[in-house]
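Enquirer: Generate coordinates for the sequence data below:
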Amino acid sequence: MRRATVDGTALLKRALSVCGLAALAASGAVPAHAAEPTYYLALGDSGAVGFQHGKGPTDEGYVDVLHTALEAEQPGLKLVKLGCAGETTTTMIQGGICTYREGSQLNAALAFLKAHPGRVTYVTLSIGVNNTACLLDGDVACGLRGAAALLTELPSITGRLKEAGGETPRYASMTYYDPGLASWVKGDRLTAVASVPLLDVFNFVQRAAAAVAGFRVADVNETFQTHDFGTNVTLDPYGDLPVNVARICAWTSQCTDNDGHATTEGYRRMAGAFRAVL
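Expert: Numbering: from 1, shown residues only. Below is the predicted model of the structure:
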């Protein structure tokens, strides 16, 4: 009867392979499946899409700057931008400006949070300024209607986001800066001064809605030094200005182009305010 031959080299290779896998397993170094991605969900109005005067939506907004900083600490963090230029709290809930498969920005955000449980690590929100932007044009009735909607709709938005996302994400909304301060360089100092307490009321609503839902608050208002009329700085071509007015002129396009959207530097400063609380 013919004896089966044994390939000693093959047996040795198999033994070494088995031993090697056992050693890897013991050390915890067995290759695993790639980790599931994590997400930063950015929501809101034109600020959230990085809108700039003369450029439109950009990748230089506070969301983009913030994502770069967060991704450096959390490699692989993916950015999901759902913001919509011109969005109010009403249209964020009901839709009507930008197109979303789910019908509105809020519905799209809720769907994303529910579809990725435990994988959304950051949620930022900037919404509400378009509710009352008509006040800058002197339309008080429009501003009052927008403010009334803000009072009821903003807490609903933050609350529903928190309910859908649960405790895993870090949530943050923001206070706003004051484009009305630009009236100072146009010779209307009274309007500039009067605009600050109006913004304070608006930002009080922002803080209250954040507190109800457990959102942290990026204090952009403080970053822009909105209340500081006492410190003067020099800014070309205006000369000496209160620092709060200078911030609006340097960090937004309000003084030069009657456009309150932030500049690249303004968005960088806003990102810093978010970074401080996230």
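
Enquirer: Just list the residues touching Thr88, thanks.
Expert: Asp45, Ile127, Gly128, Asn130, Asn131, Gly146, Ala149 (C-beta atoms under 8 Å, 6 or more residues apart in numbering). C-beta coordinates here come from the backbone N, C-alpha and C atoms, glycine included.

Enquirer: I'd say the third one and Arg207 touch.
Expert: Going back to what we said before, that points to Gly128. No - applying C-beta atoms under 8 Å as the test, Gly128 and Arg207 come out as separate, 11.6 Å apart.

Enquirer: Between those two, which has more neighbouring residues?
Expert: Using other C-beta atoms under 10 Å as the criterion, Gly128 and Arg207 rank with Gly128 on top: 29 against 16.

Enquirer: ok, now which ones touch that one?
Expert: Taking C-beta under 8 Å, 6+ apart as the definition of contact, the neighbours of Gly128 are Asp45, Thr88, Thr89, Leu150, Leu154, Tyr176, Phe202, Val205, Gln206.

Enquirer: shaky segments in this protein?
Expert: Flagging of the chain using pLDDT under 70 yields the residue ranges 1-34, 134-144.

Enquirer: Sketch out the strands for it, chain order is fine.
Expert: 39-44, 78-81, 120-126, 170-174, 216-218, 232-235, 239-242, 252-253, 259-262 (DSSP state E).

Enquirer: Show me how far the longest one is from its chain's centre.
Expert: Spelled out, it's strand 120-126. Relative to the chain's own centre, strand 120-126 is displaced by 6 Å; criterion: C-alpha atoms, centre = their mean, to the nearest Å.

Enquirer: got a list of contacts for that strand?
Expert: Contacts made with strand 120-126 from outside it, assessed by C-beta under 8 Å, 6+ apart, are listed as 38-45, 47-48, 62-63, 66, 70, 74, 77, 83, 109, 112-113, 157-158, 161, 165, 168-174, 215, 218, 274, 278.

Enquirer: Neighbouring strands - and their directions - for it?
Expert: strand 39-44 (parallel), strand 170-174 (parallel) (DSSP bridges).

Enquirer: Would you convert the ones you listed into JSON lines that also reports distance to Thr58 and mean neighbour count?
Expert: As requested, the strands paired with strand 120-126 are exported to JSON lines (distance: least, C-beta to C-beta, whole Å; neighbours: other C-beta atoms under 10 Å):
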{"stretch": "strand 39-44", "distance to Thr58": "13", "mean neighbour count": "24"}
{"stretch": "strand 170-174", "distance to Thr58": "18", "mean neighbour count": "24"}
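
Enquirer: Quick one, which of these gets closest to Asp240.
Expert: strand 170-174 (29.3 Å; C-beta to C-beta).

Enquirer: Distance from that closest one to the middle of the chain?
Expert: Mean C-alpha position of strand 170-174 versus that of the full chain (C-alpha atoms, centre = their mean) differs by 7 Å.

Enquirer: thinking again about what came up before, for His261, which of the strands paired with strand 120-126 is the nearest?
Expert: Comparison of the strands paired with strand 120-126 against His261 by C-beta to C-beta identifies strand 39-44 as nearest, at 12.9 Å.

Enquirer: All set, thanks.
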